[in-house]
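> Generate coordinates for the sequence data below:
(2 chains)
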Amino acid sequence: MKIEEKKAILPPKSNFSEWYNELLLAGEIMDVRYPVKGLYVWFPFGFEVRKRTYAIIRELLDKDHKEAMFPLLIPETEFMKEAEHIKGFENEVYWVTRGGKNELDVKLALRPTSETAIYPMYKVWVRSHADLPIKIYQIVNTFRYETKHTRPLIRLREITSFKEAHTVHATWDEAAKQVDVAVQIYIEFYKRLAIPTIVSKRPQWDKFPGADYTMAVDTLMPDNKTLQIGTAHHLGNNFAKTFDIKYEGMNGEQEYAQQTCYGISERCIAALVSIHGDDRGLVFPPEIAPVQVVVIPVLFGKSEEIIKACREVAERLKDEGFRVALDESDERPGAKYYKWEMKGVPLRVEIGPRDLKNNAATVVRRDSGSKEIVPIDKLAEEIKKRVIDIHKSLLGKARKSMEERIFDCNTLDEVRDKISEGIARIPWCGEQECGLAMEETVGAGILGIPESELGRGYGSCPICKKETTSIAIMSKTY
RNA sequence: GGGGCCGUAGGGUAGAUUGGUCCAUCCUUCAUGCUUGGGGUGCAUGAGACCUGAGUUCAAAUCUCAGCGGCCCCA
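Residues are numbered from 1 along each chain as shown, chains lettered A, B, ... in the order given. The predicted structure is shown next:
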């Protein structure tokens, strides 16, 4: 009776929306109770997850980029220079209009993205072909006045963790190559998070305002909607013209620069938490987990020996480079198991009288729940093996889960039927007119034609009936 | 863009139909003590709440309006 009354802390993951909201609180990722719509607070634990996640982005970018930082405030005069860009953002810009009691002569925008903050400086910095390429990124907050339902980590009024890179090149082709490089970096990044991705070129009507084209990285969430978790834009010389970014070529002529920009936000953490988490809480790949191994003493009466053994084990594992927590608190073991499972700790080491008698420990995996007895002197190497295996198996599981929810369709009726279960593949001739008609009919978006095998096939466009070898993917999106 | 529901301790809730029984219920949490200890130990004592503002009324957690905030559905 008592046991039945113990309710799970979280709603089941199948009830995704509720599960997600409560997990963020119970798992201490974000506090959603800040009293302004669309703004949320990072708990210290969540912030550590963020820190480790962004350390990976930095590691990948730092090979070939420089990190810098530009101002939050953008003068209206700069912000309003690029017509398409304005059109894309003007409805969601916050404006600073006063300083103290004085009206400002030139209003200041809170950056919704930083092109117009960075490019006036690029105009100054770029003089000669020898200055190129420039590859700079920053990790900053940005503001967008969202009017729809906001959601922590996914749709925010303050994006707290926007990694945006801005590159400048001499030629269009070189910039195009950089877009490819960016996409490869993102794919690699998401592999490290054990998150499967699909890369596609966004349809023209869905590209970044002011870009020649946009490449996007999407993943599939547990509620069968896709989440855009990275984009890379080829800006051509559109911004170079409006911001007058020119370089002197080998032959002395002035040329407009070619630019790209690419970004990732805290949506990467939304995906991380959502894709790996389960009914018991968070599940982290070991590289991200703030605590990788928790040591739990199982005490009976006189327990000095057990405590001592646990301390020794914890120390030894720390020396081996693991992030270790030793839970000596006064709770019962079961309560500790639940607590650390919620926190997503990949491995739990239990040591009780039974284990100690055999000079062993019980090792439990968070991802699979498997329990194994391991001799204490082999603990470090056994844990090393499992750390690698946990990452592999998380990625494998996530990939399988996504692949199982991709459906081949030949008609729009089929798409409409399947779209609530995941991603639909459907032949598309590539024409805008047909694409918009398809979106209209289905009530879902075209993500694009995937770069991978997913985007290739054979069939006829459901609107114009023209034969095509291109397959588009459609889904409900966030 | 359109529609609906909701706001009571840190979290989850009862109280609203019919305004007064409410210095507000229960579970959880937190604090202290004892107890217990291989999947949420039990007991005792204690702490903690009616979103904001205006209105109706002798009287508002309860009714009305507005603001703020949250959730859900449709396009």
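
> Other residues contacting stretch A:239-250?
Defining contact as CB atoms under 8 Å, 6 or more residues apart in numbering, one finds that stretch A:239-250 is touched by A:81-82, A:85, A:115-116, A:119-120, A:122-123, A:126-129, A:131-132, A:168, A:170, A:210, A:254-259. To be clear about C-beta, it is placed using only N, CA and C from the backbone, and glycine gets the same treatment.

> Please apply the same query to stretch A:30-44.
Outside stretch A:30-44, the residues within contact range by CB under 8 Å, 6+ apart are A:21, A:24-25, A:28-29, A:46, A:50, A:146, A:150, A:152-153, A:155-158, A:160.

> How is chain A divided into domains?
Chain A breaks down into these domains under automatic domain parsing: A:16-276, A:293-385, A:406-475.

> Same list (these) but as a markdown table, adding distance to RNA strand B and mean pLDDT.
Listed next are these as a markdown table, based on distance: least, CB to the nearest atom of the strand, whole Å; pLDDT from 0 to 100:
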| stretch | distance to RNA strand B | mean pLDDT |
| --- | --- | --- |
| domain A:16-276 | 3 | 97 |
| domain A:293-385 | 2 | 95 |
| domain A:406-475 | 5 | 96 |
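
> Pick out the most distant pair among the contacts of stretch A:30-44.
The span of those, defined through CB to CB, is set by A:Glu28 and A:Glu146 at 24.7 Å.

> Between these two, point out the one with more neighbours.
A side-by-side neighbour count of A:Glu28 and A:Glu146, using other CB atoms under 10 Å, places A:Glu28 first with 19 against 16.

> what kind of secondary structure is that one in?
coil (DSSP: H, G, I helix; E, B strand; the rest coil).

> Now it: phi and psi?
When read as degrees, to the nearest 10, the backbone of A:Glu28 gives phi 60, psi 50.

> Contact partners for it?
With contact set as CB under 8 Å, 6+ apart, A:Glu28 has these partners: A:43-46, A:343.

> how does it look with 7 Å?
Applying CB atoms under 7 Å, 6 or more residues apart in numbering, one finds that A:Glu28 lies in contact with A:43, A:45-46.

> out of those residues, which are buried?
A:43, A:45-46 (16 or more other CB atoms under 10 Å).

> Restricted to helices, list these.
The members of those that map onto helices under DSSP state H are A:45-46.

> Now do the phi/psi pair for A:Ile159.
Backbone geometry at A:Ile159, expressed as degrees, to the nearest 10, gives phi -80, psi 120.

> Would you mind measuring from it to A:Gln138?
Going from A:Ile159 to A:Gln138 by CB to CB, to the nearest Å gives 13 Å.

> quick one, which of those two is more surrounded?
Shown here are A:Ile159 and A:Gln138; by other CB under 10 Å, A:Ile159 has more neighbours (22 against 17).

> what helix or strand is A:Ile269 on?
Using DSSP states H and E, A:Ile269 maps to helix A:267-276.

> what do you get for A:Ala335?
helix A:333-342.

> and that helix, how far from the chain's centre?
The chain centre lies 27 Å from the centre of helix A:333-342; the measure is CA atoms, centre = their mean, to the nearest Å.

> In PDB, list the C-alpha atoms belonging to it.
Output in PDB follows, covering the C-alpha atoms of helix A:333-342 (Å, rounded to 0.1, in the frame of the first residue of the first chain):
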ATOM      1  CA  PRO A 333      20.100   3.900  -0.400                       C
ATOM      2  CA  GLY A 334      16.900   3.800  -2.300                       C
ATOM      3  CA  ALA A 335      16.200   7.400  -1.900                       C
ATOM      4  CA  LYS A 336      19.800   8.200  -3.100                       C
ATOM      5  CA  TYR A 337      19.300   6.100  -6.200                       C
ATOM      6  CA  TYR A 338      16.200   8.000  -7.200                       C
ATOM      7  CA  LYS A 339      17.900  11.300  -6.500                       C
ATOM      8  CA  TRP A 340      21.000  10.600  -8.600                       C
ATOM      9  CA  GLU A 341      19.000   9.000 -11.400                       C
ATOM     10  CA  MET A 342      17.000  12.200 -11.700                       C
END
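
> Show me what it packs onto, helices and strands only.
On a contact count with 3 or more CB pairs under 7 Å, 6 or more residues apart in numbering; DSSP states H and E, helix A:333-342 meets strand A:293-297.

> strands paired with the strand it packs on, and their directions?
If you go by DSSP bridges, strand A:293-297 pairs up with strand A:324-326 (parallel), strand A:347-351 (parallel).

> what angle do whichever helix or strand comes after that strand and strand A:347-351 make?
Downstream of strand A:293-297, the first helix or strand assigned by DSSP H and E is helix A:304-319. Angle of helix A:304-319 versus strand A:347-351, following axes from the mean of the first three to the mean of the last three CA atoms, to 10 degrees, is 150 degrees.

> Restricting to C-alpha, output helix A:304-319 in PDB.
Extracted in PDB, the C-alpha atoms of helix A:304-319 (Å, rounded to 0.1, in the frame of the first residue of the first chain):
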ATOM      1  CA  GLU A 304      33.200   2.400   9.300                       C
ATOM      2  CA  GLU A 305      34.700  -0.100   6.900                       C
ATOM      3  CA  ILE A 306      32.200   0.600   4.200                       C
ATOM      4  CA  ILE A 307      32.500   4.400   4.500                       C
ATOM      5  CA  LYS A 308      36.200   4.000   4.400                       C
ATOM      6  CA  ALA A 309      36.100   1.800   1.300                       C
ATOM      7  CA  CYS A 310      33.700   4.200  -0.400                       C
ATOM      8  CA  ARG A 311      36.000   7.200   0.300                       C
ATOM      9  CA  GLU A 312      39.000   5.300  -1.100                       C
ATOM     10  CA  VAL A 313      37.100   4.300  -4.200                       C
ATOM     11  CA  ALA A 314      35.800   7.900  -4.800                       C
ATOM     12  CA  GLU A 315      39.400   9.200  -4.400                       C
ATOM     13  CA  ARG A 316      40.800   6.700  -6.700                       C
ATOM     14  CA  LEU A 317      38.200   7.400  -9.400                       C
ATOM     15  CA  LYS A 318      38.900  11.200  -9.000                       C
ATOM     16  CA  ASP A 319      42.500  10.500  -9.500                       C
END
